[in-house]
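**Student:** got a predicted model here, sequence first, then my questions.
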Amino acid sequence: MTTHAERITAWIDEHFDEEVAFLQKVVQQPTDTPPGNNAPHAELVAQLLQAYGWQAEQHAVPKEQVEAYGMQSITNLIVRRPYAAGGPTVALNAHGDVVPPGDNWTYPPYGGQIDGGYIYGRATAVSKGDFATYVFAARALEALGIPLQGQLELHFTYDEEFGGLLGPGWLLEQQLTKPDFVIAAGFSYGIVTAHNACLQLEITVHGKSGHGSMPETGHDALQAANKILNAIYGQLPELKKIKSKVAGIDSPTMLVGRIDGGTNTNVVPGKVVMKMDRRMIPEEDPVAVEAQVRALIEDAVRGEPGIRLEIRRLLLSHALRPLPGSEQLVGSLQKNAQAILGETIPAVGTPLYADARLYGERGIPAVLYGAGPRTVPESNAKKADERLALDDLRKASKIVALTLLDFLGKK
């Protein structure tokens, strides 16, 4: 007798060409963030889902809120699939906003081109690939008339690259959803159960411009900024001594990712703006770390004549930590991965941060799992020629579908 699991995996095989075509369409609509004009992509996805008989709720974040945040448009999608009473609500979350493609691509960044068993394009791996994983896992679950209970929700959101506050954070804040379990976009050879916290600051150093031939008439903001840089990078050896007990996570990190300033070659710089990133391991207290970093910056230029600082928080995200219920997700995913991949996949932490933390902050157990390779660098995620192995997409779709069966199949 053919089991439910065998029927589900066979359905995914039979419809895999359709799944790849769906992913190509999702990839071919750009969602560069910045500038972050992402509502058109949500509209496209809603139309694609309508062809399957699914209604996607389109929740537009107010324009003023989006623009104040530094983006142009955000429409988050919720697809609710209610079944018989008595089961949990399981949500699958992937984000559609992406970092701009940049240069040095061999393949068109928004082409969705297939070559050598891979699909190429921005967000094929992170995380438009899991739009396809989750949609076709859900379709396989529903297509075969298997008795189901509880509710499945698909959350397609558009604010991961800026921190998630107007993505899953906004949906949760508006009380539009409160699932019992969440699987968020990840990688097919590992389950992420914890990730780092992140602090991002904008540091504006105000000095006074002056003629380059008479630098003593100004107050050099760049010299002051250099002292801040030295203080920040001087802390790195100390940060290396701090170790996390979470497998997959090592030490805190800190860097300055962008510097803007000055007027011209022959002018004393009167203003310099720096943006910095401090990753925190799960054991650290984000509030205490922010206070320490602010003090480090202020002390670096304390007493400097004519220098004034502005420090603005851009982001303070908390770590993702395992919650009661996470072990059920991990156990089911590992069991089904063993059946499909023929190997035991690990449950680990990652030094990245993701918007899955926003579910965890509200007490909802969440893990990251989806289509992708064993490591982030293999996929060229956020680099040129980002790609996803089609076989990994197929396998992840099967594993997620079988996990949904574990949670939503009628007992």
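**Tutor:** Arrived safely, thanks for sending.
**Student:** going forward, measure contacts and count neighbours with C-alpha atoms only.
**Tutor:** Fine.
**Student:** okay, now residue 234: neighbour count?
**Tutor:** Neighbourhood size, residue 234 [other C-alpha atoms under 10 Å]: 11.
**Student:** give me the pLDDT value at it.
**Tutor:** As predicted, residue 234 sits at a pLDDT of 98.
**Student:** and it, how far from residue 47?
**Tutor:** Separation of residue 234 from residue 47 (C-alpha to C-alpha, to the nearest Å): 52 Å.
**Student:** cool, and residue 132?
**Tutor:** As judged by C-alpha to C-alpha, residue 132 and residue 47 stand 14 Å apart.
**Student:** who has more neighbours out of those two?
**Tutor:** Neighbour totals were compared for residue 132 and residue 47, and residue 132 leads with 26 against 15 (other C-alpha under 10 Å).
**Student:** wait, is that one part of a helix?
**Tutor:** Yes - according to DSSP: H, G, I helix; E, B strand; the rest coil, residue 132 belongs to a helix.
**Student:** wait, it sits on residue 19?
**Tutor:** Yes - counting by C-alpha atoms under 8 Å, residue 19 is a contact partner of residue 132 at 6.2 Å.
**Student:** could you find the closest non-adjacent residue to the residue most central in space within the chain?
**Tutor:** The residue lying closest to the centre of the chain (C-alpha atoms, centre = their mean) is residue 354, at 4.0 Å. Excluding the flanking residues, the one nearest residue 354 by C-alpha to C-alpha, 6 or more residues apart in numbering is residue 160, at 6.7 Å.
**Student:** number of residues surrounding that neighbour?
**Tutor:** Neighbours of residue 160 (other C-alpha under 10 Å): 24.
**Student:** got a list of what it touches?
**Tutor:** Shown here is residue 160, whose contacts under the criterion C-alpha atoms under 8 Å, 6 or more residues apart in numbering are 95, 97, 167, 354-355.
**Student:** so which helix or strand takes in residue 12?
**Tutor:** helix 4-14 (DSSP states H and E).
**Student:** tell me the buried residues in that helix?
**Tutor:** Neighbour-count burial for helix 4-14, counted by 16 or more other C-alpha atoms under 10 Å, picks out 4-5, 7-9, 11-13.
**Student:** quick check: bridge partners of the closest residue to residue 350 other than its chain neighbours?
**Tutor:** If the residues on either side of it in the chain are set aside, residue 350 comes closest to residue 195, at 4.8 Å by C-alpha to C-alpha, 6+ apart. The partner list for residue 195 in beta bridges (DSSP bridges) reads residue 320, residue 350.
**Student:** mind listing the helices for the chain?
**Tutor:** With DSSP state H, the ranges of helices along the chain come out as 4-14, 16-28, 39-50, 63-69, 129-143, 168-173, 221-234, 236-240, 286-300, 326-341, 357-360, 390-408.
**Student:** in TSV: the ones you listed, plus distance to residue 272.
**Tutor:** Below are those laid out as TSV (distance: least, C-alpha to C-alpha, whole Å):
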stretch	distance to residue 272
helix 4-14	54
helix 16-28	37
helix 39-50	34
helix 63-69	22
helix 129-143	39
helix 168-173	32
helix 221-234	6
helix 236-240	23
helix 286-300	14
helix 326-341	45
helix 357-360	33
helix 390-408	45
